[in-house]
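Enquirer: I'd like to go over a predicted model; first the sequence, then the structure.
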Amino acid sequence: MTPIYNGMPAAELGSEGWYKPWSGGNGGNCVEAMKLSDGRIAMRQSADPDGPALIYSHREIAAFIQGAKAGQADFLLT
């Protein structure tokens with residue numbers, strides 16, 4: 001099995017299991033996410049599915065989502 005690391009080619013994670021939870025209204029360019037067997041989450045840009053995958057721990061994704069829900073990422077929208 002290929003070791004999974006941050007920045008690895010997303011294609012090495014396979015083509016099955018990627019989801020687009022944040023798609024809609026942006027011409028098909030969106031973030032795709034995949035839950036890995038060890039509980040970590042891989043993310044990639046849908047427009048570049050063979051590009052790099054960013055690998056996050058469950059704790060990191062939870063902190064990001066909770067912070068976004070609390071408005072801590074609103075500065076990215078202005």
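Expert: Arrived safely. Numbering: from 1, shown residues only.
Enquirer: low pLDDT regions in this protein?
Expert: 1, 22-28 (pLDDT under 70).
Enquirer: ok, which stretches of it are strands?
Expert: Using DSSP state E, the strands of the chain run over residues 31-35, 41-45, 54-56.
Enquirer: any idea how far Phe64 is from Gln45?
Expert: 17 Å (CB to CB, to the nearest Å). Quick note: C-beta positions are derived from backbone N, CA and C, even for glycine.
Enquirer: So which of the strands of the chain is nearest Leu77?
Expert: strand 31-35 (15.0 Å; CB to CB).
Enquirer: What residues of that closest one count as buried?
Expert: Glu32, Ala33, Met34 (16 or more other CB atoms under 10 Å).
Enquirer: cool, and stretch 40-50?
Expert: So, applying 16+ other CB under 10 Å, buried residues of stretch 40-50: Arg40, Ile41, Ala42, Met43, Arg44, Ser46.
Enquirer: gap between the two ends of that stretch?
Expert: Using CA to CA, to the nearest Å, the end-to-end distance of stretch 40-50 comes out at 19 Å.
Enquirer: May I have the beta-bridge partners of the nearest residue in space to Ile61 that is not next to it in sequence?
Expert: Excluding the flanking residues, the one nearest Ile61 by CB to CB, 6 or more residues apart in numbering is Ile41, at 4.9 Å. Under the criterion DSSP bridges, Ile41 forms beta bridges with Lys35, Tyr56.
Enquirer: I'd say Ile41 and Phe64 touch.
Expert: No. Judged on CB atoms under 8 Å, Ile41 makes no contact with Phe64 at a distance of 9.8 Å.
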